[in-house]
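In: No letters, just coordinates:
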């Protein structure tokens, strides 16, 4: 996991369940993930100042970067634990401009969290396990993808658009993200086995 605009990166899934901070192919720090189980996903905010991990324990841990003046982030300090899921965390996404974090779990829940108060805001009803999430930093809109469907939500939890993609494991979506698009459109890029663009 590489912070935007940064040459440092975080790795996980090590035998000791640690998080490791790397720079120029050298490990510069080893941190206890604190999860009661394995780390299953992680994400940075666009400015690299917030880092969050999800685990098989159903918990999200949110960290803030420790950044000496004029230098790149050198370490992370845990600032909060978010609990609301009852099973393994599958995906998380952070928006610093809107101060929200969105998470999904094998319990088929998708939760929007307030990063200012580190508290629950709302659930997004999905009915399936959401395997990928992204937040549009300009509009606050949220895209959630299950294996065969894409849903677009407003920051207030209103369902704006729904697209069925396929019906079999061969059609399964593996990830989705917002990307630059012509003015007046919102493009969501979805990886199935090739890239497909949806203009909404």
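Out: Right, received. Where do you want to start? Bear in mind that the values here come from a model prediction, so they are computed numbers and not experimental data.
In: Distance from stretch 33-42 to the middle of the chain?
Out: Using CA atoms, centre = their mean, to the nearest Å, the mean C-alpha position of stretch 33-42 is found 14 Å from that of the whole chain.
In: Could you give me the buried positions within it?
Out: Neighbour counts using 16 or more other CB atoms under 10 Å place 33-35, 39-42 of stretch 33-42 among the buried residues. C-beta: built from backbone N, CA, C; applies to glycine.
In: Can you give me the end-to-end span of it?
Out: Length of stretch 33-42, first residue to last, CA to CA, to the nearest Å: 11 Å.
In: And stretch 126-145, by the same measure?
Out: 9 Å.
In: Kindly state the beta-bridge partners for the closest residue to residue 175 other than its chain neighbours.
Out: Counting by CB to CB, 6 or more residues apart in numbering, residue 175 lies nearest to residue 132, which is 4.4 Å off, once chain neighbours are set aside. Note on residue 132: beta-bridge partners residue 145, judged by DSSP bridges.
In: Name the residues of stretch 149-168 that are buried.
Out: 149-153, 155, 165.
In: what's the distance between the residue nearest to residue 105 when sequence neighbours are not counted and residue 145?
Out: In this structure, residue 105 finds its nearest non-sequential neighbour in residue 85, 3.8 Å apart by CB to CB, 6+ apart. Relative to residue 145, residue 85 is positioned 18 Å away (CB to CB, to the nearest Å).
In: follow-up on the earlier one: tell me which of the buried residues of stretch 149-168 has the lowest pLDDT.
Out: Lowest pLDDT among the buried residues of stretch 149-168: residue 165, with 77.
In: related to what we said a few turns ago, surely the residue nearest to residue 175 and residue 173 touch.
Out: Yes - counting by CB atoms under 8 Å, residue 132 touches residue 173, with 6.8 Å between them.
In: okay, and the helix or strand of the protein with the least pLDDT?
Out: Within the chain, no helix or strand scores below strand 195-199, which has a mean of 45 by mean pLDDT, DSSP states H and E.
In: What count of nearby residues applies to residue 109?
Out: 19 (other CB atoms under 10 Å).
In: Poorly predicted segments of this structure, please.
Out: 1-8, 24, 28-29, 66-76, 166-171, 180-200 (pLDDT under 70).
In: quick one on the thing from earlier: so which of the buried residues of stretch 33-42 are in strands?
Out: Members of those lying in strands (criterion: DSSP state E): 39-42.
In: how about those in a markdown table, adding distance to residue 62?
Out: Listed next are these as a markdown table, based on distance: CB to CB, whole Å:
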| residue | distance to residue 62 |
| --- | --- |
| 39 | 13 |
| 40 | 15 |
| 41 | 13 |
| 42 | 11 |
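In: Spatially, which two of these are the most separated?
Out: 40 and 42 (8.6 Å; CB to CB).
In: can you list residues touching both of those two?
Out: The contact sets of residue 40 and residue 42 overlap at residue 54 (CB atoms under 8 Å, 6 or more residues apart in numbering).
In: Since that was my last question, I'll sign off now.
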